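>>> Sharing a model that was predicted from the sequence below.
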Amino acid sequence: MLRVLILGGTGDAAELAAKLANIPEIEAIASLAGRTRQPVTPVGNFRIGGFGGVEGLANYLREMEIDILVDATHPFANQISWNAAAAAKQVNLRHLMLIRPPWSKVAGDSWIEVNNTHDAATALENQAQRVFLTVGRQELAAFAHLQDIWFLMRMIDPPAPDAVVPSGEIICDRGPFALETEREILRQYSIDAIVSKNSGGDATYPKIIAAREMGIKVMMINRPPMPPGEQVSHVDSAVNWLLSKC
Ligand SMILES: NC(=O)c1ccc[n+]([C@@H]2O[C@H](COP(=O)([O-])OP(=O)(O)OC[C@H]3O[C@@H](n4cnc5c(N)ncnc54)[C@H](OP(=O)(O)O)[C@@H]3O)[C@@H](O)[C@H]2O)c1
């Protein structure tokens with residue numbers, strides 16, 4: 001029996017957990033950070049909450065007698081990915097990163113590529129008046145000083161009552177989002193720019209298509225660097241990789 005810990009919080013992690021649940025040679029535990037109020041719980045065994053840094057994760061891996069650590073976290077969940085790489089090294093475990101490919105700019109896209117939310121905020125100055133901000137509730141403060149811009153902010157849960165939030169309106173919703181929904185949002189709110197992380201995948205891509213169709217610019221935040229190590233891009237590749245270790 002191969003014991004696998006999946007670090008999750010993404011659709012890919014949930015899909016992987018569901019597929020592994022059907023493989024008798026593999027026993028998987030999925031781990032969620034516990035950021036959202038009503039998380040979509042994975043199929044099979046799961047746990048919720050931080051481990052307590054690299055040491056905490058290394059202890060958990062030892063205690064639970066994990067054989068393989070799969071990091072299927074969001075490409076912008078940088079801290080946990082570096083912690084995972086360090087903990088796997090410390091415990092001498094195999095470690096696989098499941099990272100969906102980033103979106104690539106295609107003909108008709110009007111992207112301004114930046115490296116973080118602060119640069120995205122700078123790029124918006126004098127460039128936009130009504131912005132669709134889709135970076136998640138933890139990153140709102142970076143835009144709060146832009147008082148000449150109105151923001152439509154979409155996130156899963158509302159920000160904390162004491163959070164620093166830009167002026168505008170908040171929509172709480174969880175992807176996947178349909179192309180027609182995204183077109184309607186851009187039209188209804190007269191959006192002239194979008195801020196997006198380059199998350200990759202299909203669930204949040206329709207806003208990028210709608211922006212292309214409507215000639216709306218996108219401040220696209222590039223991914224932070226990942227730790228070195230073995231990587232696959234798709235859930236089925238991760239399943240095959242794990243099967244090859246059974
Ligand atoms: N950042 C995004 O844009 C984004 C978007 C969609 C989904 N998510 C998901 O939301 C979660 C939190 O994202 P984040 O950007 O706040 O992460 P982060 O900055 O990389 O991680 C911060 C801390 O949260 C805990 N943590 C993160 N992922 C965990 C997991 N899967 N299981 C247990 N603990 C975890 C760890 O705490 P300890 O140090 O105490 O272990 C970690 O040090 C991630 O699991 C990610 O997949 C993030």
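Received it, and whenever you're ready, just let me know what you need.

>>> hey, let's count contacts and neighbours off CA atoms from now on
Fine.

>>> Who are the contact partners of the spatially most central residue of the chain?
Taking Cα atoms, centre = their mean, the centroid of the chain lies closest to His74, which sits 3.2 Å from it. By Cα atoms under 8 Å, 6 or more residues apart in numbering, His74 lies in contact with 8-10, 99, 199.

>>> With pLDDT, neighbour count and distance to the ligand added, can I get these in a markdown table?
Shown next, in a markdown table, are the contacts of His74 (pLDDT from 0 to 100; neighbours: other Cα atoms under 10 Å; distance: Cα to the nearest ligand atom, whole Å):
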| residue | pLDDT | neighbour count | distance to the ligand |
| --- | --- | --- | --- |
| Gly8 | 96 | 24 | 4 |
| Gly9 | 91 | 23 | 4 |
| Thr10 | 94 | 16 | 5 |
| Ile99 | 97 | 22 | 11 |
| Ser199 | 97 | 22 | 8 |
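
>>> Kindly reformat these as CSV containing secondary structure and distance to Ala193.
Output for the contacts of His74, formatted as CSV (DSSP: H, G, I helix; E, B strand; the rest coil; distance: Cα to Cα, whole Å):
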residue, secondary structure, distance to Ala193
Gly8, coil, 30
Gly9, coil, 27
Thr10, coil, 26
Ile99, coil, 27
Ser199, coil, 17
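
>>> Please enumerate the helices of the protein.
Ranges of helices in the chain, per DSSP state H, are 11-20, 53-63, 78-91, 117-124, 179-188, 206-214, 235-243.

>>> Mean pLDDT and mean neighbour count added to those helices, as CSV?
Formatted as CSV, those follow (pLDDT from 0 to 100; neighbours: other Cα atoms under 10 Å):
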stretch, mean pLDDT, mean neighbour count
helix 11-20, 97, 21
helix 53-63, 98, 16
helix 78-91, 98, 19
helix 117-124, 98, 18
helix 179-188, 98, 15
helix 206-214, 98, 19
helix 235-243, 98, 16
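
>>> TSV please, covering those and showing distance to Ala30.
Formatted as TSV, the helices of the chain follow (distance: least, Cα to Cα, whole Å):
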stretch	distance to Ala30
helix 11-20	7
helix 53-63	13
helix 78-91	14
helix 117-124	29
helix 179-188	30
helix 206-214	28
helix 235-243	14
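
>>> hmm, back to that, out of the contacts of His74, give me the two with the largest separation.
The distance between the two most remote of the contacts of His74 (Cα to Cα) is 14.6 Å, for Gly8 and Ser199.

>>> So which bits of this protein are right by the ligand?
7-10, 31-33, 49-53, 73-74, 76-80 (Cα under 6 Å from any ligand atom).

>>> residues touching Thr122, list them.
Counting by Cα under 8 Å, 6+ apart, Thr122 touches no other residue.

>>> do you know how far it is from Glu113?
The gap separating Thr122 from Glu113 is 12 Å, by Cα to Cα, to the nearest Å.

>>> again with Ala17
Ala17 is 33 Å from Glu113, by Cα to Cα.

>>> Equivalent analysis for Val232, please.
Per Cα to Cα, Val232 is found 24 Å from Glu113.

>>> just Pro161 next, same as before
For Pro161, the distance to Glu113 - Cα to Cα - is 31 Å.
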